[in-house]
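A.B. asks: Here's a sequence, model it:
(chains A and B)
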2 protein chains.
Amino acid sequence: MSPDTISSAPAAHAPAYARLAARFARIGTLNECGAILHWDASVTMPPGGAPARGEHMAALAGLAHEMLVAPDASELLDAAEAEAAAGRLDPWQARNLALMRHQWRHASALPADLVEAQARAHAACEAAWRVARPASDFAAVRPLLAEVVRLQGEAAAARGAALGIAPYDALLDSFERGVTEAMIGPIFARYQEFLAEALPAILERQASAPAPLPLPGPFPVAAQEAFVRALVAGMGFDFDHGRLDISAHPFCGGIPSDVRITTRYDEADIAQALMGVLHETGHALYERGLPAAWARQPVGAAAGMAAHESQSLIVEMQASRSDAFLSWLGPRLHASFGGAAEPYAPANLARAWRRVAPGFIRVDADEVTYPAHIILRYRLERALIAGELAVADLPGAWNEGFRALLGLAVPDDRRGCLQDIHWYDGAFGYFPSYTLGAMAAAQMFAAATAAVPEIVPALGRGEFAPLIGWLRAHVHARGSREDLQGMLKQATGAPLDPARFIAHLRQRYLGGA
Amino acid sequence: MSPDTISSAPAAHAPAYARLAARFARIGTLNECGAILHWDASVTMPPGGAPARGEHMAALAGLAHEMLVAPDASELLDAAEAEAAAGRLDPWQARNLALMRHQWRHASALPADLVEAQARAHAACEAAWRVARPASDFAAVRPLLAEVVRLQGEAAAARGAALGIAPYDALLDSFERGVTEAMIGPIFARYQEFLAEALPAILERQASAPAPLPLPGPFPVAAQEAFVRALVAGMGFDFDHGRLDISAHPFCGGIPSDVRITTRYDEADIAQALMGVLHETGHALYERGLPAAWARQPVGAAAGMAAHESQSLIVEMQASRSDAFLSWLGPRLHASFGGAAEPYAPANLARAWRRVAPGFIRVDADEVTYPAHIILRYRLERALIAGELAVADLPGAWNEGFRALLGLAVPDDRRGCLQDIHWYDGAFGYFPSYTLGAMAAAQMFAAATAAVPEIVPALGRGEFAPLIGWLRAHVHARGSREDLQGMLKQATGAPLDPARFIAHLRQRYLGGA
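C.D. replies: Prediction:
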């Protein structure tokens, strides 16, 4: 085995590192408990369990934090870094140690009472949001969100001071290491230029083509579920190590050996569950493919949220909406759900499921306008954290920004600033990951199909194995061996370049590069 | 409010007690996390999640143990006891402190590595048992059970030494404080005498009566579930604070604000789910009725396992199989499931559901022969812990003991020593609780119906409220304010007396006292 092969040998000659590895294994175990309890809270918990669950999550987060910033941690990290400098760690161990230091810098910036207060505030705000969203009642959740934002601001300032970076960059870094406003700014500016130029042309071209025929339906829930279960099992989702359930807000949760995806079913529209499950399956295959020898260690975790989104979007957007896969999928859907054959023709599915339509809801957005939703959230959350925007003014600022970006008047907060769980659950600095992930997915798909010409023909036979095989080797099995940019350089030969994504969109929606 | 009213006032003038209360709240929170994760492992977890779940349970148990036996715990307990002696604690706080000391004595007897080794061994053995039981393959689980027993023996010796009692008494005490072989021995001997004398007479009397007509069935699972859901909701099971699911081994889990019961459905036999759910509902109502002001504190917990079983059995055996309730239930079942009316006549339901039939399976046993199953397990587990019986000899000893007690030859280990999860999950000293609970239930029902004459007529209208009201006041809301014997004295005027249970059986099965 080369020195760069995955290692799990005991570090007997690196005792400080070995002690840290044992401690991080325990932290990782508490985080896994939290992951399963979070899934339970979203899928199975009765409403009356919410207050106690808030206590559970706060206690687990508080304990993990205490272990991370234990009084001897700094000394142990110093000693382990000396062991690394003396060449006693292999490259995986050395990287693991660097990530421990990075986590420690983040965590030691925050006092334990702030961590617990955040966990409690997020649980309370999320629970209120679950009621406020369907009622479009922003006022009901506003004070709880204000408390979340206030605590986020404290945390951002503290993290930024500890890392020597700007507060909002520190929040970005906590979701995707190394990502900064300086990196995002030009990428998003470039995309805005493209959108301003290309969106009218795309809509015009689309309008000149035949309108998509609606799929006949209805699609009974049990039949949809059977279809998507068989589909994802064929893609490699292992139900001995995973579940598929229903939740209001689809997500991928659980842990690598027990990865749990959720979806929603709409009897009138199979695309919601079908494409949603394909998306979450991309996340799930990443989790299942992480290096098991490094389970619960920092280097064994996914590289970050943009990296994670690249895996869901390469499955959902790049592969599953390709002409090749739709040509395989259409006849199978028709065989399962019956009705007229014409709507299931691949060209019609492409018109239906690659339709560009500016709208209010991020999770329903097409891949062309989706980045506009992200750019809006990115601007607003920066302003909230900087104290330039009050929570009370959020609905107005949202609606104004939305009109400027996509030309639409938001009718109510349910379809505006209440639509996403993220802020209400305390995730600030997270939204840019979606668009960075979409761009990384396009870049990876281009590199993968160039390296493995079999990928696209296999999709035409409903087979994902060649694509997943490339992802296993270049992304999944590397865990956090590299950050996003390093992973992209290793896998595609270049750092993140929005030109790959833009080329993909031009190809798909304007018929050329 | 009297000084004996439930108190949750801050103990500002008792700082050592207040620090202990905060620490026990955190321990209680970790235990609650474990309770939900245990439910998940039994109900929703895919099989591949088991190894990681073992790590989760071990880490939570290990952390709770570390907190309980922290270096300053002994000193804090001493200081708080001085506060109590100075009259600074109210009676609930003083009892809470005594229970903290009791838990500390148990826990400080065990080194943390033994606690973690037990959690891991139990998880591994239980997982193997889930495969071994249906295959009747004792050999497959034998080495894992031997390890469980070896660790139990270590734990019993250490607990016994710390508490100054015999090892097996220390295991009994860990499930039901204060219960000893010296208390159980005469009670079980008295019951054996009764059984030897009464069982032939009961069987003879039963044989001379008409055979029960079978309920026609089939009972579709969905209809059964709807029926039992409506039934337990009417009894006060609050689905905003609880769930009803399916699991292989029915149980009541979760936490007081999120209490989760499970059952199994058999389309040919509604009694299994119906009586099983009534049983678990008795447990659940106890958990929900615990004093919320003392949540996560020792005094806020159920008094013990026998006390818990008394609550399930008073609902299932005393109330739900009473003539009064069956006269209400029969017509409702007939209306829901149809077919001939005659089998649903109360007298026929009584013959069907109060049938005495010596058999192999404890959980299917009638209330007359059930204690024989317990007496067998009690003898065998005492011998296993004392090292007088080797795990390899367990199947033989089981079969021999079973023949001596109930005169039946056990055909295979699936219907013998593999039938119950308890030992394989590390519960030794637990089985006697079932029969102590059955006896306590009879004693409580007699006291309750004497004090509240409305209880039985209300059951005849399908109303449990008068009975549950009595239990709320005398059992549920008192948490661990008393041990089993103290609770019985407080609620019924006397300590546990098997004569009450025997009188109940004579009345029900021999038609007189």
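A.B. asks: Could you use CA atoms for every contact and neighbour count after this?
C.D. replies: Fine.
A.B. asks: From A:L213, how far out is A:E342?
C.D. replies: Here the criterion is C-alpha to C-alpha, to the nearest Å. By it, A:E342 lies 8 Å from A:L213.
A.B. asks: Need the residues touching each of these two.
C.D. replies: Residues touching both A:E342 and A:L213 (C-alpha atoms under 8 Å, 6 or more residues apart in numbering or on different chains): A:N348.
A.B. asks: Which residues are in contact with the residue nearest in space to the middle of chain A?
C.D. replies: In chain A, the residue lying closest to the centroid (C-alpha atoms, centre = their mean) is A:E309, at 4.0 Å. By C-alpha under 8 Å, 6+ apart, the contact list for A:E309 reads A:H283, A:S433, A:Y434, A:G437, A:A438, A:A441.
A.B. asks: for chain A, what spans make up the strands?
C.D. replies: A:242-246, A:252-255, A:258-263 (DSSP state E).
A.B. asks: Of all these, which one is nearest chain B?
C.D. replies: For the strands of chain A, the distance to chain B is smallest for strand A:258-263, at 4.8 Å, taking C-alpha to the nearest C-alpha.
A.B. asks: average model confidence for the closest one?
C.D. replies: Average pLDDT, strand A:258-263: 98.
A.B. asks: any idea how far A:A117 lies from A:R105?
C.D. replies: Counting by C-alpha to C-alpha - A:A117 and A:R105 are separated by 19 Å.
A.B. asks: Which of the contacts of A:E309 has the largest number of neighbours?
C.D. replies: Counting neighbours by other C-alpha atoms under 10 Å in any protein chain shown, the top entry in those is A:A441, with 29 neighbours.
A.B. asks: ok, which residues in chain A are in contact with chain B?
C.D. replies: Taking C-alpha under 8 Å from any C-alpha of the partner chain as the criterion, chain A approaches chain B at residues A:26, A:29-30, A:32-33, A:36-37, A:45-49, A:52, A:55-56, A:59-60, A:239-243, A:257-258.
A.B. asks: Which pLDDT value goes with the residue of the stretch 351-500 of chain A found nearest chain B?
C.D. replies: Relative to chain B, the nearest point of the stretch 351-500 of chain A is A:G479 (18.4 Å; C-alpha to the nearest C-alpha). pLDDT for A:G479: 98.
A.B. asks: so what's it up against?
C.D. replies: A:G479 touches A:L290, A:P291, A:V299, A:G300, A:A301, A:A302, A:A303, counting by C-alpha under 8 Å, 6+ apart.
A.B. asks: Distance check, it against B:A18.
C.D. replies: 45 Å.
A.B. asks: picking up where we left off before, and the strands of chain A as CSV, adding mean neighbour count?
C.D. replies: Putting the strands of chain A into CSV (neighbours: other C-alpha atoms under 10 Å in any protein chain shown) gives the following:
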stretch, mean neighbour count
strand A:242-246, 19
strand A:252-255, 24
strand A:258-263, 26
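A.B. asks: possible to save those strands as TSV with distance to B:R351?
C.D. replies: Below are the strands of chain A laid out as TSV (distance: least, C-alpha to C-alpha, whole Å):
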stretch	distance to B:R351
strand A:242-246	43
strand A:252-255	48
strand A:258-263	47
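A.B. asks: The ones you listed: which one's closest to B:R508?
C.D. replies: strand A:242-246 (47.1 Å; C-alpha to C-alpha).
A.B. asks: Show me what the closest one is packed against.
C.D. replies: Helices and strands touching strand A:242-246, by 3 or more C-alpha pairs under 8 Å, 6 or more residues apart in numbering or on different chains; DSSP states H and E, are strand A:258-263.
A.B. asks: so what strands line up beside the strand it packs on?
C.D. replies: strand A:242-246 (parallel), strand A:252-255 (antiparallel) (DSSP bridges).
A.B. asks: outside of it, which residues touch it?
C.D. replies: A:39, A:241-254, A:273, A:276-277, A:280-281, A:284, A:287-288, B:45-46, B:48-49.
A.B. asks: Whichever of the residues you listed end up buried, select them in ChimeraX.
C.D. replies: Applying 16 or more other C-alpha atoms under 10 Å in any protein chain shown to these, the buried members can be selected in ChimeraX as follows:
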select /A:39,241,242,243,244,246,247,250,251,252,253,254,273,276,277,280,281,284,287,288 /B:45,46,48,49
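A.B. asks: Give me the subset of the contacts of strand A:258-263 lying in helices.
C.D. replies: Among the contacts of strand A:258-263, the residues falling in helices (DSSP state H) are A:W39, A:A273, A:G276, A:V277, A:E280, A:T281, A:A284, A:E287, A:R288.
A.B. asks: Would you reformat those as CSV and include pLDDT?
C.D. replies: Formatted as CSV, these follow (pLDDT from 0 to 100):
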residue, pLDDT
A:W39, 98
A:A273, 96
A:G276, 94
A:V277, 97
A:E280, 98
A:T281, 98
A:A284, 98
A:E287, 98
A:R288, 98
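A.B. asks: wait, doesn't A:H106 sit right on A:A162?
C.D. replies: Yes: look at A:H106 against A:A162 with C-alpha atoms under 8 Å: they come within range, at 7.2 Å.
A.B. asks: Among those two, which residue is more densely surrounded?
C.D. replies: Ranked by neighbour count (other C-alpha under 10 Å), A:H106 and A:A162 place A:H106 first, with 24 against 17.
A.B. asks: Would you enumerate the residues in contact with that one?
C.D. replies: So A:H106 contacts A:R159, A:A162, A:L163, A:S174 (C-alpha under 8 Å, 6+ apart).
A.B. asks: what's the closest non-adjacent residue to the second one?
C.D. replies: In other words, A:A162. A:A109 (5.6 Å; C-alpha to C-alpha, 6 or more residues apart in numbering or on different chains).
A.B. asks: Out of the strands paired with strand A:258-263, flag the one nearest B:D137.
C.D. replies: Comparing the strands paired with strand A:258-263 under C-alpha to C-alpha, the one sitting nearest is strand A:242-246, at 27.6 Å.
A.B. asks: what's the offset of that closest one from the middle of its chain?
C.D. replies: 18 Å (C-alpha atoms, centre = their mean, to the nearest Å).
A.B. asks: contacts for it?
C.D. replies: Here strand A:242-246 has contacts from A:43, A:229, A:257-265, B:45-46, B:48-49, using C-alpha under 8 Å, 6+ apart.
A.B. asks: let's see 10 Å
C.D. replies: The set of residues external to strand A:242-246 that reach it, using C-alpha atoms under 10 Å, 6 or more residues apart in numbering or on different chains, is A:42-44, A:225, A:228-229, A:232, A:237, A:251-265, A:273, A:277, A:280-281, A:284, A:288, B:44-49.
A.B. asks: what do you get for stretch A:80-87?
C.D. replies: With C-alpha under 10 Å, 6+ apart, stretch A:80-87 has contacts from A:13-20, A:74-79, A:88-91, A:93-95, A:97-98, A:101.
A.B. asks: Mind exporting the C-alpha coordinates of stretch A:491-503 to PDB?
C.D. replies: Extracted in PDB, the C-alpha atoms of stretch A:491-503 (Å, rounded to 0.1, in the frame of the first residue of the first chain):
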ATOM      1  CA  ALA A 491     -10.800  15.100  -9.400                       C
ATOM      2  CA  THR A 492     -11.100  17.500 -12.300                       C
ATOM      3  CA  GLY A 493      -7.700  19.200 -12.600                       C
ATOM      4  CA  ALA A 494      -9.000  22.700 -11.700                       C
ATOM      5  CA  PRO A 495     -10.600  24.700  -8.900                       C
ATOM      6  CA  LEU A 496     -14.200  25.700  -9.000                       C
ATOM      7  CA  ASP A 497     -14.900  27.400 -12.300                       C
ATOM      8  CA  PRO A 498     -18.400  28.700 -13.000                       C
ATOM      9  CA  ALA A 499     -17.700  28.400 -16.800                       C
ATOM     10  CA  ARG A 500     -18.300  24.600 -16.600                       C
ATOM     11  CA  PHE A 501     -21.800  25.200 -15.100                       C
ATOM     12  CA  ILE A 502     -22.600  27.900 -17.600                       C
ATOM     13  CA  ALA A 503     -21.400  25.700 -20.500                       C
END
